[in-house]
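Enquirer: Here is a sequence with its predicted model. Questions after.
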Amino acid sequence: MHDALFQPLTMGALEAKNRIFMAPLTRGRAAEPMFVPNDLMATYYRQRAGAGMILTEATGISREGLGWPSAPGIWSDEQTEAWKATTKAVHEEGGLIVMQLWHMGRIVHPYFLDGEPPFSASATTAPGEAHTPVGKQPYATAREMTHEDIKRTIADYRRAAENAKRAGFDGVQLHGANGYLVDQFLRDKTNLRTDEYGGTPEKRTRFMREVLEVLIDVWGKERVGVRLSPNGDSQGTDDSNPPATFGAAAKVCEELGLAFVELREPGPEGTFGSTDVPKQSPLIRQIYSGPLILNSDYTADQAEADVTSGKCDAVSFGRPYISNPDLDKRIAAGAHWNPNKDVPKSWYFPIPEGYVDYPILAEEQAEAAE
């Protein structure tokens with residue numbers, strides 16, 4: 001039995017019907033070149049509306065902040081209108097859906113920027129290669145953001161938040177994890193600034209705080225959350241003292257009264273971060289008093305145990321939701337979970353296969369009974 005996972009949870013103005021959340025999952029199904037959502041995406045999210053809360057795939061706040069092929073945006077009127085099909089679909093099924101707002105910073109390849117370099121907290125270069133429509137390409141050295149760049153980017157977050165409201169979402173989550181722009185400001189390996197946005201952990205949280213303040217101005221603190229990844233190296237973004245850095249970030253979340261905080265804490269099979277770094281959730285739990293969501297590599301039993309013990313208030317499941325659209329029903333029934341198809345292109349390639357064609361438990365049972 002997993003009774004704790006099926007208790008409702010109040011997060012500010014957000015009312016989750018259970019504590020089995022769907023984590024943000026980049027799936028690459030939006031139409032290029034304008035990164036517009038489509039009906040295939042609406043079907044995908046409708047199928048997964050049994051989650052207590054859906055956190056959408058990371059969604060670009062601006063053209064200069066989005067560098068993933070066929071990932072969706074939320075900066076244009078066309079994108080905003082197109083997202084309405086998804087929010088309508090989820091709400092028709094009684095679901096709750098929150099948009100994750102994304103700026104990739106130095107992870108954006110110049111291919112997406114008409115050959116111009118990306119920008120970041122400081123002039124650094126991500127390791128490895130970027131995914132582009134013409135194959136993998138080495139990352140470029142970012143240029144350090146000026147104060148004008150920072151002001152413009154914060155204005156982009158505001159516009160994206162306003163568009164998300166127009167599109168019918170229930171709230172927004174700031175993507176502050178996995179080595180993207182907000183994370184690049186938070187951690188001292190990628191934030192080498194000596195002005196008010198760099199130096200001490202408190203100064204390195206300033207950009208995150210200012211972005212959250214405009215999101216709250218649009219939505220109210222009761223409908224704004226953040227995702228953090230206080231683990232080790234994430235796409236080359238690392239920190240010399242995670243407890244100090246993420247303790248300061250948690251203090252910002254507490255002072256602003258965010259509706260929820262989601263933490264990514266990878267297990268042995270995790271991506272976007274080392275697994276040999278002590279987990280920071282106990283520290284953050286001491287500082288941030290609101291609802292805490294933990295993510296990564298959970299089983300149903302582990303999720304039940306952590307919610308029951310009070311380690312967290314909910315668990316967000318990522319990859320299991322790819323191949324199990326009715327994950328909540330499978331957990332309730334103690335049923336098996338389907339493995340993900342071992343075809344990476346089905347995770348990211350803009351086709352229906354490996355996206356909306358996974359069977360639900362009732363269909364499997366009916367087929368078995370024939």
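Expert: Looks like it arrived, so ask away.

Enquirer: Neighbours of the residue nearest to residue 128 when sequence neighbours are not counted, how many?
Expert: Take residue 128 and drop its neighbours on the chain: the residue closest to it by Cβ to Cβ, 6 or more residues apart in numbering is residue 139, 6.8 Å away. Bear in mind the C-beta positions are built from the backbone N, C-alpha and C, glycine included. Using other Cβ atoms under 10 Å, residue 139 has 22 other residues around it.

Enquirer: And the one 10 residues further on, by the same measure?
Expert: The burial metric for residue 149, expressed as a neighbour count using other Cβ under 10 Å, is 14.

Enquirer: What sits closest to it if chain neighbours are left out?
Expert: Residue 149's closest residue in space is residue 119 (Cβ to Cβ, 6+ apart), at 5.8 Å.

Enquirer: Now do the same contact list for that neighbour.
Expert: Shown in contact with residue 119 (Cβ atoms under 8 Å, 6 or more residues apart in numbering): 64, 105-106, 142-145, 149.

Enquirer: picking up where we left off before, hang on, the residue nearest to residue 128 packs against residue 124?
Expert: No: using Cβ atoms under 8 Å, residue 139 is not in contact with residue 124, being 9.7 Å away.

Enquirer: who touches both of those two?
Expert: In contact with both residue 139 and residue 124: residue 106, using Cβ under 8 Å, 6+ apart.

Enquirer: Give me the phi and psi for residue 300.
Expert: Backbone geometry at residue 300, expressed as degrees, to the nearest 10, gives phi -60, psi -40.

Enquirer: I meant to write residue 7 there.
Expert: Per degrees, to the nearest 10, the backbone of residue 7 is at phi -90, psi 140.

Enquirer: Likewise for residue 39?
Expert: Dihedral angles (degrees, to the nearest 10) for residue 39: phi -70, psi -30.

Enquirer: Now it: closest residue in space that isn't a chain neighbour?
Expert: In space, residue 39 is closest to residue 85, 5.9 Å off (Cβ to Cβ, 6+ apart).

Enquirer: show me the contacts for that neighbour.
Expert: Counted by Cβ under 8 Å, 6+ apart, residue 85 has contacts 37-39, 41-42.

Enquirer: Remind me which helix or strand it belongs to.
Expert: helix 77-92 (DSSP states H and E).

Enquirer: now that helix: how far from the chain's centre is it?
Expert: Centroid separation for helix 77-92 versus its chain: 18 Å, with Cα atoms, centre = their mean, to the nearest Å.
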